[in-house]
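Enquirer: Any chance you could fold what I've pasted below:
(one chain, ligands or ions: 1)
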Amino acid sequence: MAANVPSLEQPALLVIEGGNTLRGSVHISGSKNAGLGAMAAALLVPGETILENVPDIGDIRQMAQVLNSLGAKVEFVQPSVLRIDASQITSSAPPNELVVSLRGSFLVLGALLSRLGEAACSPPGGDVIGQRPLDVHLKGFQALGAEVWLEGDRFMARGGNLSGARVFMDYPSVLGTQNLMLAACLSRGHTTIINAAAEPEVSGLAQLLNAMGARIINAGTHTVDIDGVEKLRPVTHRIIPDRLEAGTYAIAAAITGGEVDVQDVYLEHLYSLIAKLREAGVEVEERGDNLHVRRSGGLKPLSIQALPFPGLATDLQAPMAVLLTQATGVSYVHERVFDNRLLYVAELRKLGAEVVTTGTTTAVISGPTPLTGARVRALDVRAGAALVLAGLVAAGRTEISDIHHVDRGYERLQEKLCQLGARVERI
Ligand code: EPU
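Expert: Model (predicted):
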């Protein structure tokens, strides 16, 4: 771990006294997932990469430790500005204990394969939200000419001379697309990724790589073309705003019947959310870089489907479900990205929500149900954020344990919520 990027504290409980209406404005931090991709990209450059607008959150700090274990030097030189010096890469294999709890760490495989011609990485962990295979990544590396095999519990990859190829991805995996871009941008010849993920975090990575000298075309669509180049140069790059954090605060405004200016966002990353909030009766105004969210009347029920971008983000499925507990009527939720991302429902029921699940991907929510504070557990980043939203409207005191999950993905959550008028403390 870089000496100056220490671990965040892991407080035991977040305590929310519900019932306050949120009002005011909130600045949205840089994107966690775009930040993780950008950190992996820095491994491709034998020099210093400066990343601006990097959120100071658990997952970013953990990725810093992963990079550090490989020989890179990672340092927050100012708030939100991360300097990564990858002049010397001394290892091609991050230690298991650093990768098991961070899904995004698997991106080092593509970057190291490209930079060193070999890499090894254990299957990363991350959130328990369903099966999270890696076949798309591994088949992609093989298509570029790498040898890939399993040795013990590690994936090994070797390929000193990667060559461009046409790669079909069975599923438009976000990290899979990013990993292939990292591996392909310094390979010989032309690569086409068919059925690529179109998420903004993929385009964000392509922008960074192109600024470094890569030639990636059409990132953000489902067919991405890459012309390999010989080397990349150091750059300074700004991370895109976190659309998932933005969505969470927009929903917080809506659920508390408040009025919040969600600031410094890219509206085009939020169109699906804006559409569904408006359909539910929430007033949403698009004001340049800000999203102004206000609710004065009741909420209407919705049918929502979590889908790859530009569909409604799976990461906002749980927060939206919490909002729908306050809508009058029956709402339907269909999670279509992950096969087990409704585990938070059991926690939500402890607060009094009426939610019935069928299998592991659909839920029916009856509302409005008055929620009452209880002791609940954050199961992952977004499930934890969903419980925070529930706590904001629950009567009395909600205590959320395992809050380090939320700290992995949300910068200064307590401070931002308190500024908006919520009563939140850590004990
Ligand atoms: N999939 C495969 N084969 C693969 C990879 C994925 O079948 O090789 C399937 C998965 O089983 C899943 C679907 O593809 O059903 C989507 O998975 P994807 O690979 O797109 O997810 P990911 O890249 O592992 C990233 C984000 C997640 C976000 C998803 C979907 C990072 C670090 N993680 O994960 O973010 O939910 O894309 O948009 O970028 C979070 O921030 O809390 C989070 C979980």
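Enquirer: Please identify the helix or strand for A111.
Expert: Per DSSP states H and E, A111 falls inside helix 107-116.
Enquirer: list the helices and strands that helix packs on?
Expert: In terms of contacts (3 or more Cβ pairs under 8 Å, 6 or more residues apart in numbering; DSSP states H and E), helix 107-116 is packed against helix 32-42, strand 118-121, helix 135-143, strand 154-158, helix 174-184. For every residue, glycine as well, the C-beta is placed using N, CA and C.
Enquirer: Check what contacts the first one and list those residues.
Expert: By Cβ atoms under 8 Å, 6 or more residues apart in numbering, the residues outside helix 32-42 that reach it are 49, 51, 54-55, 57, 59-60, 63-64, 67, 72, 74, 82, 84, 86, 104-105, 107-108, 110-111, 174, 178, 182, 200-202, 204-205, 208-209, 212, 237, 239-240, 242, 244-245, 408-409.
Enquirer: tell me, which of those residues make contact with the ligand?
Expert: Among those, the residues that sit close to the ligand (Cβ under 6 Å from any ligand atom) are G104, V174, E201, G409.
Enquirer: where does the first one land on pLDDT?
Expert: I take that to be G104. pLDDT for G104: 96.
Enquirer: The second one too?
Expert: In the prediction, the pLDDT value recorded for V174 is 98.
Enquirer: What helix or strand is the closest residue to it other than its chain neighbours located in?
Expert: Excluding the flanking residues, the one nearest V174 by Cβ to Cβ, 6 or more residues apart in numbering is A197, at 4.5 Å. Using DSSP H and E, A197 maps to neither a helix nor a strand.
Enquirer: Quick check: A197 touching M181?
Expert: No: under the criterion of Cβ atoms under 8 Å, A197 is not in contact with M181, lying 10.3 Å apart.
Enquirer: how about the residues of the stretch 251-400 of the chain that lie near the ligand?
Expert: Counting by Cβ under 6 Å from any ligand atom, the stretch 251-400 of the chain sits next to the ligand at T314, D315, V337, F338, V381, R382.
Enquirer: how much space between the fifth one and S272?
Expert: To tie it back to what came earlier, the one meant is V381. Using Cβ to Cβ, to the nearest Å, one obtains 19 Å as the distance from V381 to S272.
Enquirer: Repeat that for A12.
Expert: A12 is 35 Å from S272, by Cβ to Cβ.
Enquirer: These two - which one has more neighbours?
Expert: Neighbour comparison, A12 and S272: the larger count goes to S272, with 20 against 12 (by other Cβ atoms under 10 Å).
Enquirer: Name the nearest residue to the more buried one, sequence neighbours excluded.
Expert: Spatial nearest neighbour of S272, excluding adjacent residues (Cβ to Cβ, 6+ apart): L312 at 4.4 Å.
Enquirer: Next: S187.
Expert: In space, S187 is closest to L162, 3.6 Å off (Cβ to Cβ, 6+ apart).
Enquirer: any low-confidence regions in this structure?
Expert: Applying pLDDT under 70 to the chain picks out residues 1-11, 126-131.
Enquirer: What are the boundaries of the helices in it?
Expert: 32-42, 58-69, 96-99, 107-116, 135-143, 174-184, 200-212, 243-255, 271-279, 317-324, 344-350, 381-393, 404-409, 413-419 (DSSP state H).
Enquirer: if we can go back for a sec, among A197 and M181, which residue is more densely surrounded?
Expert: M181 (28 against 24).
Enquirer: Do a quick rundown of the strands in the stretch 251-400 of the chain.
Expert: Using DSSP state E, counting those that start in this stretch, the strands of the stretch 251-400 of the chain run over residues 259-263, 283-287, 290-294, 303-306, 329-335, 354-358, 362-367, 375-377, 397-401.
Enquirer: export these to TSV and tack on distance to L232 and mean neighbour count?
Expert: Shown next, in TSV, are the strands of the stretch 251-400 of the chain (distance: least, Cβ to Cβ, whole Å; neighbours: other Cβ atoms under 10 Å):
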stretch	distance to L232	mean neighbour count
strand 259-263	33	22
strand 283-287	36	15
strand 290-294	34	21
strand 303-306	35	19
strand 329-335	37	19
strand 354-358	46	15
strand 362-367	44	20
strand 375-377	43	19
strand 397-401	42	20
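Enquirer: Between the ones you listed, which one is closest to L186.
Expert: Nearest of those to L186, taken as Cβ to Cβ: strand 303-306 at 34.3 Å.
Enquirer: got JSON lines for the strands of the stretch 251-400 of the chain, with distance to S122 too?
Expert: Converted to JSON lines, the strands of the stretch 251-400 of the chain look like this (distance: least, Cβ to Cβ, whole Å):
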{"stretch": "strand 259-263", "distance to S122": "37"}
{"stretch": "strand 283-287", "distance to S122": "43"}
{"stretch": "strand 290-294", "distance to S122": "39"}
{"stretch": "strand 303-306", "distance to S122": "28"}
{"stretch": "strand 329-335", "distance to S122": "27"}
{"stretch": "strand 354-358", "distance to S122": "32"}
{"stretch": "strand 362-367", "distance to S122": "33"}
{"stretch": "strand 375-377", "distance to S122": "26"}
{"stretch": "strand 397-401", "distance to S122": "27"}
